[in-house]
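> Fold the following and give me the result.
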Amino acid sequence: MAGVARSGKKTSVISRERSVNQTRLLAVCEVPNACLSAGVQVGRVPGGLSARVRADAGAASTARARTAETTRRMTSELSVACGRMPPAMPELDGVEHTFHDLPTGVRVHVAGAGPPDAPPVLALHGWPQHWWSWRLVIAELAGEFRLLCPDLRGLGWSGPPADDDFRKQRLADDAIALLDVLGLEQVRLAGHDWGAWAAMLAALTAPERFSSLLVMSIGHPWVPVAVAARHGYKVAYQLPLAAPFAGERVIRDGTYVRGMLKNGRRDGRRWTNAELETYAEVVREPAVAHSSSKLYRDFLLHELRPGSYGGQRPQMPAKLLIGSREPFRAFAAGFPGEIDVVEGAGHFILEEAPQAVAERIRAM
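A predicted model of the protein is given here:
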């Protein structure tokens, strides 16, 4: 049954209470990197034009305006002491951020929202996104469910694996290991894009851990060979991303990433520049760009084998939710469960149709 507890241990917690003009750091314990361990947090207040540095991380403090020169100097000093600073994490009211060391060799960042005793939903994002892609679904469901939105290995604010393995089975292994660490026996499982592919593999690997499966905007391991052959050219966009060395440069440049985001959204609305930059800024980081390229390279070299899962099928209720304007809708054919089409939505269904996604999660 969903929500049955299993003993587990949180490795770190960062929880904030925010307003437009201040950020209050409520608790930090066993924080995830050298800078935070030294008691320093670098972040950006939404709408602010410059980075703000907050010291004395163990106590609540109010962010004060600093001159651009002071901010530049302090950030420079911190970068020397702690290495390259990651982009500031997007802020969202009611979200708690935790970091956990998994036995799979990854330190994973998790954004959690909703009552701790509510039915848990493990929500896996896709590329080129991170946990923040679930923000509109969180707004719909946070009063009813405990939403757990980890960043996939090497993406967002999660660390990369030491073995540089980005096969989707390893992402699935991370998801299962996270349930162990969080002490959760069984959850609803939802995934988008690569997070959806990982979710399917997690459901096959440990079916007893998931009461239901909702995957979105993705092909799947059971696509008929004839369909894969007819529409295989559509995955050619992955080649520039997967290319050794060159792929990382393509990703860091940002033009290709922004183009994918713009082309995939087909609900008649446009991303704001701030939304585009929230994603492009993170994958621009060298380590994240490398992880991103490997995500595609490992798929093309080791995982793109239609029919390789043979008779394996999800053992729980499974649904594929896909937009009527999804560029890769043809790859929905053959899914071993219900196929549910959202009219007018493209690829980024979490942000194009969050209410439809919330309805399907409620019905899981």
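
> how does this structure divide up, domain by domain?
14-82, 95-362 (automatic domain parsing).

> any idea which of these is most buried?
domain 95-362 (a mean of 20; mean count of other Cβ atoms under 10 Å). Every residue, glycine included, has its C-beta placed from N, CA and C.

> start to end distance for that one?
End-to-end span of domain 95-362 (Cα to Cα, to the nearest Å): 20 Å.

> what's the average pLDDT for that domain?
Mean pLDDT, domain 95-362: 96.

> Now tabulate the domains of the chain in a markdown table and tack on distance to Ala88.
Shown next, in a markdown table, are those (distance: least, Cβ to Cβ, whole Å):
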| stretch | distance to Ala88 |
| --- | --- |
| domain 14-82 | 4 |
| domain 95-362 | 9 |
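
> Output stretch 325-340 as PDB, restricted to C-alpha atoms.
Only the C-alpha atoms of stretch 325-340 are listed here, as PDB (Å, rounded to 0.1, in the frame of the first residue of the first chain):
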ATOM      1  CA  ARG A 325       1.000  17.700 -30.700                       C
ATOM      2  CA  GLU A 326       3.800  15.600 -29.300                       C
ATOM      3  CA  PRO A 327       6.600  15.500 -31.900                       C
ATOM      4  CA  PHE A 328       7.300  11.800 -31.100                       C
ATOM      5  CA  ARG A 329       3.700  10.700 -30.700                       C
ATOM      6  CA  ALA A 330       4.200   7.800 -33.200                       C
ATOM      7  CA  PHE A 331       6.400   6.100 -30.600                       C
ATOM      8  CA  ALA A 332       3.400   5.600 -28.200                       C
ATOM      9  CA  ALA A 333       2.300   2.600 -30.300                       C
ATOM     10  CA  GLY A 334       2.500  -0.700 -28.600                       C
ATOM     11  CA  PHE A 335       2.600   0.600 -25.000                       C
ATOM     12  CA  PRO A 336       1.500  -2.200 -22.600                       C
ATOM     13  CA  GLY A 337      -1.100  -0.100 -20.800                       C
ATOM     14  CA  GLU A 338      -3.500   2.700 -21.400                       C
ATOM     15  CA  ILE A 339      -2.600   5.500 -23.900                       C
ATOM     16  CA  ASP A 340      -4.200   8.800 -22.900                       C
END
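
> centre of the chain versus it, how much separation?
Its chain's C-alpha centre and that of stretch 325-340 lie 22 Å apart, by Cα atoms, centre = their mean, to the nearest Å.

> Need the residues that contact it.
If you take Cβ atoms under 8 Å, 6 or more residues apart in numbering as the criterion, stretch 325-340 is touched by 213, 217-220, 222-224, 227-228, 230-231, 234, 263-264, 266-267, 313-314, 317-323, 344-347, 349, 360.

> In strands only, show me the residues you listed.
If you go by DSSP state E, the contacts of stretch 325-340 have 213, 318-323 in strands.

> rewinding a little: from the contacts of stretch 325-340, which land in helices?
The helices, defined by DSSP state H, take in 227-228, 230-231, 263-264, 349, 360 from the contacts of stretch 325-340.

> Let me know the closest of those to Leu201.
Of all the ones in helices among the contacts of stretch 325-340, Leu201 sits closest to Ala228, with 17.8 Å by Cβ to Cβ.

> Please tell me how far the closest one sits from Glu303.
Distance, Ala228 to Glu303, by Cβ to Cβ, to the nearest Å: 13 Å.

> Same check on Glu140?
For Glu140, the distance to Glu303 - Cβ to Cβ - is 32 Å.

> and what of His290?
Separation of His290 from Glu303 (Cβ to Cβ) stands at 18 Å.

> Got the phi and psi for Ala353?
Here is the backbone geometry of Ala353 (degrees, to the nearest 10): phi -140, psi 60.

> actually Ala190, not the one I typed
Torsion angles, degrees, to the nearest 10, at Ala190: phi -130, psi 140.

> give me the beta-bridge partners of it?
Legend: beta-bridge partners of Ala190 under DSSP bridges are Ala123, Leu214.

> let's number from 28 now, not from 1
Taking 28 as the first residue, the last one we looked at is Ala217.

> who touches it in this structure?
Ala217 touches 148-151, 226, 240-243, 384, 388, 391, counting by Cβ under 8 Å, 6+ apart.

> Kindly recompute the last result at 7 Å.
148, 150, 226, 241, 388 (Cβ atoms under 7 Å, 6 or more residues apart in numbering).

> Contacts only, for the nearest residue to the third one once chain neighbours are set aside.
Spatially, and ignoring its direct neighbours in sequence, Ala226 is nearest to Gly218 (3.2 Å; Cβ to Cβ, 6 or more residues apart in numbering). By Cβ under 7 Å, 6+ apart, the residues touching Gly218 are 151, 225-226, 242-243.

> ok, now with 8 Å
Applying Cβ under 8 Å, 6+ apart to Gly218 gives the contacts 150-153, 224-227, 241-243, 245.

> Closest to Thr305 out of these?
Closest to Thr305, out of all of the contacts of Gly218 and judged by Cβ to Cβ, is His152, at 12.4 Å.
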